[in-house]
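> Would you be able to build a 3D model of this:
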Amino acid sequence: MDPMDIVGKSKEDALLPKATMTKIIKEMLPADVRVARDAQDLLIECCVEFINLISSESNEVCNKEDKRTIAPEHVLKALQQDSQRSVKMNTGAEMTEEEAAAEQQRMFAEARARMNGGGVSVPQPEQQLDTQQSNLQN
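Numbers count the residues shown, from 1 in each chain. From the prediction side, this is the model:
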């Protein structure tokens, strides 16, 4: 979800304070580790997405209970539902390690393309798997 998808909000309203997030990132890492600006921006974007997801799930829980205000227990229930969904998804068809690595690389490429303006073509998982296997053989 793009921050601009939030009804009635500008992109700036949907973002987290960059200075605060940068400080948190630096505090969580060892002193000798540096994080590129693009990586920080991507991490902040992921945090915004997570907050949007949890807010939406919490709102659904709140609506099911016929409440008008999201309370902490609604957020906790939303987090529990989300973890139950991921367990269900993980117990389905499992990927091989190679397939998982190819999917991860595809998702990284998609994220890079979004960060760079979206004009980059992302190879499909089977293309990446073939490329990785040929790289391993060399």
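
> Return the helix or strand in this structure with minimum mean pLDDT.
Taking mean pLDDT, DSSP states H and E as the measure, helix 125-137 is the helix or strand of the chain with the lowest mean score, a mean of 55.

> So for the helix or strand containing residue 58, what gets flagged as buried?
In the assignment (DSSP states H and E), residue 58 maps to helix 37-64. With burial defined by 16 or more other Cβ atoms under 10 Å, the residues of helix 37-64 counted as buried are 42, 44-45, 48, 52, 54, 57-58, 61-62. Quick note: C-beta positions are derived from backbone N, CA and C, even for glycine.

> of all those, which two lie farthest apart?
Maximum pairwise distance among these (Cβ to Cβ): 30.1 Å, between 42 and 62.

> Please name the nearest non-neighbouring residue to residue 71.
Nearest residue to residue 71, sequence neighbours excluded (Cβ to Cβ, 6 or more residues apart in numbering): residue 62, at 7.4 Å.

> ok, now how distant is the one you found from residue 70?
5 Å (Cβ to Cβ, to the nearest Å).
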